[in-house]
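Peer 1: Curious how this folds, go ahead:
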Amino acid sequence: MAPTQTEAPRKQDDKDKLEDEVRLRHFTEEVLDSRQEELEVQERENSVLSKKLESLQQELKEAQRQLALARSQSNKKDKAAEGPKEQNTRPSSRRKDITEAEAQEAYRALCDNVQRWVEQRIRPVLDDLASGHFRCQPSPPQSTRFVSLLREPATSCLNVWHSDEYHFMALIMQYLWLVFFSRSFYCPLDDGDGETTAAWIDDLESAIAKLPRDISHCREWRAETLTALTSQKSFKSRRAAYLNHITEDLASLLSVVVPYLTAAELQGSLRTNIIDPAIELAHRLQLSPDIYTLKWPARTARSKLDTYECINLASNGETIGSDKASKPSEALKNASYLFDIAPGLFVETVSGAKKSAVKVVCRPKVLVYGGEKGGDIPQQAMTLARLLWDYANGSKARSPLPLRNGPPKSKPLVLRRHRSKL
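Peer 2: Sure thing, here's the model as predicted:
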């Protein structure tokens, strides 16, 4: 009987141990399964990151290949063009950088395009306004955005006789300056907010400049980096999308004053005549090692008219002082400054450790009234610019009224293509 009593507790202990072992094994299996799932998730993430890294490496190799090919082709052309007349001592002659003469010609052509577009597109609307048949009813938000682009001096000249064309020229040039020429680079270089890569390039260029490096080295590095980035396929698609957006935005802005055009017609006209020439110029200027900038006249413009290209409203848009026989200072004595039409183009040439003083490539354009001494500037009771200003400020537009201080006895204003000689 004694063996039987001791055997029962032993069996119970063995049973308990077995159950504990089974539970431990189940727990261990659950832990292993959990760890296996975590490892599988991590492996999938690693696989995705590896593919992304391979893709980026391929893009980098493609950009390097295209840059090497471009350098090779440029070197061949440079060797073929070498001769006794070669005067370019810049360390890097691989790119075809824009020259001052080319920049001057391209910028003048852009200004002429804007002038012709305004003359052709706005004139029918102004005729309707003058005849009392203007039926456009722009909404306050449309008008507000439109007049927000008017520079400060222009807001005091809304009723000046025959000034509408120049208001619109100035507004378009202000828009182009804001979206293309005032930025570090005119087009987004990445798919994020569009400014990250450009800011990185600016910061790195600034850091390089603090090292014992010539300024030409910094500018060459910047030009080469931007050249490589803009040669990628991803940039070309990004640029196309960005330009479509800009075209639609400018068309939306101007649709308030050209209601007789369809959206497609307006966008096509703006893209061909204004947007494409502007971005081509911005692209070449911003890839150049030389420092090109567009600057509007200073607030003291009225006291420095000799330094600007002055368009005379009183003489059908002629440039004051364009006649070689007259001196600008004498012709401008009785001229009154009205407002700015277009910024000027300036350049700082980079060579070695130095950059030149700022040089004028194209002078800023300003509108003046060069009538008789002491004569009042003719005013018009209602202009298109005034009408949009009233709508933007919630005022009901007034009907066109006769002129106050009637205009000089001359033919209707015809905008001319003016080319100043620097």
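Peer 1: Name the next helix or strand downstream of the least confident helix or strand in the chain by mean pLDDT, please.
Peer 2: Ranking every helix and strand in the chain by mean pLDDT, DSSP states H and E puts helix 328-331 at the bottom, with a mean of 67. The helix or strand immediately downstream of helix 328-331 is strand 336-342, counting by DSSP states H and E.
Peer 1: how far is that next one from where the chain is centred?
Peer 2: Put simply, strand 336-342 sits 23 Å off its chain's centre (C-alpha atoms, centre = their mean, to the nearest Å).
Peer 1: again, but for stretch 49-56
Peer 2: 32 Å.
Peer 1: State the mean pLDDT of it.
Peer 2: Averaged across stretch 49-56, pLDDT comes to 74.
Peer 1: for stretch 386-397, same thing?
Peer 2: On average, stretch 386-397 scores 76.
Peer 1: Please apply the same query to stretch 97-116.
Peer 2: Per-region confidence: stretch 97-116 scores 95 on mean pLDDT.
Peer 1: which residues touch it?
Peer 2: Residues outside stretch 97-116 that contact it (C-beta atoms under 8 Å, 6 or more residues apart in numbering): 169, 172-173, 176, 223, 273-274, 277-278, 280-281, 284-285, 287-290, 292, 342, 345, 347, 359, 361-362, 365, 415, 417, 419, 422. Heads up, the C-betas are built off the backbone N, CA and C, glycines and all.
Peer 1: surely K295 meets P364?
Peer 2: Yes - the pair K295 / P364 is scored as a contact, 7.1 Å apart, by C-beta atoms under 8 Å.
Peer 1: tell me, what's touching the two both at once?
Peer 2: With C-beta under 8 Å, 6+ apart, K295 and P364 have common neighbours 343-344.
Peer 1: more crowded one of the two?
Peer 2: Using other C-beta atoms under 10 Å as the criterion, K295 and P364 rank with P364 on top: 22 against 15.
Peer 1: Tell me where the stretch 51-200 of the chain has helices.
Peer 2: Applying DSSP state H, counting those that start in this stretch to the stretch 51-200 of the chain gives helices spanning 100-130, 140-148, 164-176, 196-209.
Peer 1: any idea how far the spatially most central residue of the chain lies from S55?
Peer 2: What sits nearest the mean C-alpha location of the chain, by C-alpha atoms, centre = their mean, is F180, with 1.3 Å. F180 is 30 Å from S55, where distance means C-beta to C-beta, to the nearest Å.
Peer 1: In this structure C187 contacts A240, no?
Peer 2: No - contact criterion C-beta under 8 Å: C187 and A240 do not qualify, at 9.8 Å.
Peer 1: which of those two has more neighbours?
Peer 2: C187 (22 against 11).
Peer 1: quick one: pLDDT of the closest residue to that one other than its chain neighbours?
Peer 2: Leaving out its chain neighbours, the residue that sits closest to C187 by C-beta to C-beta, 6 or more residues apart in numbering is R239, at 4.9 Å. pLDDT, the model's per-residue confidence, is 92 for R239.
Peer 1: which residues sit in contact with R239?
Peer 2: By C-beta under 8 Å, 6+ apart, the neighbours of R239 are 187, 230, 279.
Peer 1: Export the residues you listed as JSON lines, with columns for pLDDT.
Peer 2: Output for the contacts of R239, formatted as JSON lines (pLDDT from 0 to 100):
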{"residue": "C187", "pLDDT": "88"}
{"residue": "T230", "pLDDT": "87"}
{"residue": "I279", "pLDDT": "95"}
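Peer 1: Tell me the one among those nearest to W117.
Peer 2: Comparing the contacts of R239 against W117 with C-beta to C-beta places I279 closest, at 15.8 Å.
Peer 1: Lovely, talk soon.
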